[in-house]
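Chemist: Build me a model:
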Amino acid sequence: MAAGGFCKLPNGTVVVALNLPGTAPDGIGSVRVLVHARNRARALTRLRNLGLRAVYLRGNAAPPTPDEITAVLHHPDGVLWRTFCDSAVGVPVGPPELWHPIRALLRHRAPAQA
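Modeler: Numbers count the residues shown, from 1 in each chain. Predicted coordinates:
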């Protein structure tokens with residue numbers, strides 16, 4: 001369902017980056033989600049446990065950049081997201097948006113599911 005990729009760190013953990021289409025709070029574009037975990041399976045399980053059920057990583061087409069890795073490593077939860085204006089390309093248009101904790105995305109999604 002999602003384009004993305006992963007990067008294995010020297011300490012053995014991984015950072016997984018996923019581009020999820022159409023899940024932005026305002027309904028425009030897509031979101032890029034970063035997850036830091038012990039391995040790829042645990043990273044995807046963390047997202048599924050948060051309510052993003054149909055998340056799969058196929059291939060390594062869009063691995064996290066060094067800046068993205070730094071951002072997720074310095075966040076206490078280890079799960080971040082930000083919107084992308086152009087979901088077809090998967091790169092932000094204009095100045096980059098700041099990273100948000102995953103709780104902010106889930107708060108925006110809850111009213112739409114009810």
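Chemist: Okay, and the residue nearest the centre of the chain sits in which element?
Modeler: Nearest to the geometric centre of the chain sits residue 33, at 0.8 Å (C-alpha atoms, centre = their mean). For residue 33, the host element (DSSP states H and E) is strand 30-37.
Chemist: Compute the inter-axis angle for the very next helix or strand once past that strand and strand 30-37.
Modeler: Downstream of strand 30-37, the next assigned helix or strand under DSSP H and E is helix 40-49. Relative orientation of helix 40-49 versus strand 30-37 (axes from the mean of the first three to the mean of the last three C-alpha atoms, to 10 degrees): 120 degrees.
Chemist: quick one: buried residues of helix 40-49?
Modeler: For helix 40-49, the neighbour count (16 or more other C-beta atoms under 10 Å) marks 40, 43-44, 46-47 as buried. C-beta here means a position set from N, CA and C on the backbone, and glycine is covered the same way.
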